[in-house]
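> starting from these lines, generate the structure:
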Amino acid sequence: MEPVRLHRDGALGRLLIDRPDKRNAMSRGMWRTLRRLVDEAAGDRSLRAITLESAAPGCFSAGADIAEFEATYATPEATTAMNGDNQGAIEALARCPQPTVAAINGVCVGGGVALVLACDFRIGSDAARFAVTPARLGLSYHQDNVRRLVAAVGQSAAAELLFTGQTWAADRALDAGLVNQLVPAAQLSALLAERMAAICANSASANAALKRALQAVEKRDTASRDAANDEFARLFASPDFLEGRDAFLQKRPAHFPSHVDDEA
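As a prediction, this is how the structure comes out:
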């Protein structure tokens, strides 16, 4: 099996990290593969939602593979290339047009935290553990990853994670807002399936518009905000809205035209 792969399950795309012997540490090749697979999933209109998860229980990701650092950061040119590979994968996930959800069971460290923060929201098991440890290596954290961390947990809690490098247990992560919900490890798969089924049942065009609206909030520029408001108004004349309205009034499941995989 490839250490990073995309599994299609109907309208759901599952991005799976599968390198358990290295605690799912991300090699340079894995970062590159993840970016390619995210771009592939983003361009697949039959996929209505994307998950990011570990294929093996007990560890989400130990972050970047430190065993490669001597070679990958040997020169300024190599450093620029390597940082482009790993941040490129993270940014591809952040701009993915479908809703993205991370499921965390076990250790999630450094680059692993950056990956889950690039998703729209996060669920975890009570075995999840989080740490952001670049300062232990004499490093900082990419500014976009710092921004997302602050957005999730606030400036003070982000500073605690970054400055101490200490591990947060699952309940602390929940209290801080790093994860949306926790369940026992044995129930995480069922919770993820329930969340993804709810997302995939909704209008794909509406979910895409909502994703752009959320991104407009983050961008904080007038053009993005105005575009989101214009799209909000246009959807009242869309085929999906007409179907959703009629389905609600007729008390039946909606069959949205934007569900292209249902047309076959």
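> which residue ranges of the protein form strands?
Under the criterion DSSP state E, strands of the chain are mapped to 4-9, 12-17, 49-54, 59-61, 100-104, 107-109, 121-125, 129-131, 168-169, 181-183.
> make JSON lines from those strands and add mean neighbour count and distance to Ala81 to it.
The way it works is simple: take the backbone N, C-alpha and C, and place the C-beta from them, glycine included. As requested, those are exported to JSON lines (neighbours: other C-beta atoms under 10 Å; distance: least, C-beta to C-beta, whole Å):
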{"stretch": "strand 4-9", "mean neighbour count": "16", "distance to Ala81": "19"}
{"stretch": "strand 12-17", "mean neighbour count": "22", "distance to Ala81": "22"}
{"stretch": "strand 49-54", "mean neighbour count": "24", "distance to Ala81": "24"}
{"stretch": "strand 59-61", "mean neighbour count": "28", "distance to Ala81": "21"}
{"stretch": "strand 100-104", "mean neighbour count": "26", "distance to Ala81": "26"}
{"stretch": "strand 107-109", "mean neighbour count": "25", "distance to Ala81": "23"}
{"stretch": "strand 121-125", "mean neighbour count": "23", "distance to Ala81": "29"}
{"stretch": "strand 129-131", "mean neighbour count": "22", "distance to Ala81": "26"}
{"stretch": "strand 168-169", "mean neighbour count": "18", "distance to Ala81": "32"}
{"stretch": "strand 181-183", "mean neighbour count": "16", "distance to Ala81": "38"}
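> how about these in TSV, adding mean pLDDT?
Shown next, in TSV, are the strands of the chain (pLDDT from 0 to 100):
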stretch	mean pLDDT
strand 4-9	97
strand 12-17	98
strand 49-54	98
strand 59-61	96
strand 100-104	98
strand 107-109	97
strand 121-125	98
strand 129-131	98
strand 168-169	98
strand 181-183	98
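> reformat those strands as JSON lines; add distance to Ala42.
Formatted as JSON lines, those follow (distance: least, C-beta to C-beta, whole Å):
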{"stretch": "strand 4-9", "distance to Ala42": "11"}
{"stretch": "strand 12-17", "distance to Ala42": "9"}
{"stretch": "strand 49-54", "distance to Ala42": "8"}
{"stretch": "strand 59-61", "distance to Ala42": "21"}
{"stretch": "strand 100-104", "distance to Ala42": "10"}
{"stretch": "strand 107-109", "distance to Ala42": "23"}
{"stretch": "strand 121-125", "distance to Ala42": "18"}
{"stretch": "strand 129-131", "distance to Ala42": "26"}
{"stretch": "strand 168-169", "distance to Ala42": "30"}
{"stretch": "strand 181-183", "distance to Ala42": "25"}
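> so which of the ones you listed comes closest to Asp85?
In this view, the strands of the chain are compared for proximity to Asp85 by C-beta to C-beta, and strand 4-9 is the closest at 12.6 Å.
> how much space between the residue lying closest to Phe241 once chain neighbours are set aside and His255?
Nearest non-adjacent residue to Phe241, counting by C-beta to C-beta, 6 or more residues apart in numbering: Leu235, 5.6 Å away. Using C-beta to C-beta, to the nearest Å, Leu235 is found at 17 Å from His255.
> more neighbours, those two?
Leu235 (17 against 13; other C-beta atoms under 10 Å).
> which residue is nearest the middle of the protein?
Closest residue to the average C-alpha location of the chain: Cys119 at 2.2 Å, with C-alpha atoms, centre = their mean.
> quick one, what contacts that one?
Neighbouring residues of Cys119 by C-beta atoms under 8 Å, 6 or more residues apart in numbering: 52, 93, 100-102.
> as JSON lines, these with distance to Asn24 would be great.
Formatted as JSON lines, the contacts of Cys119 follow (distance: C-beta to C-beta, whole Å):
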{"residue": "Leu52", "distance to Asn24": "11"}
{"residue": "Leu93", "distance to Asn24": "15"}
{"residue": "Thr100", "distance to Asn24": "18"}
{"residue": "Val101", "distance to Asn24": "17"}
{"residue": "Ala102", "distance to Asn24": "13"}
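> name the nearest of those residues relative to Glu40.
The shortest approach to Glu40 among those belongs to Leu93, at 12.4 Å (C-beta to C-beta).
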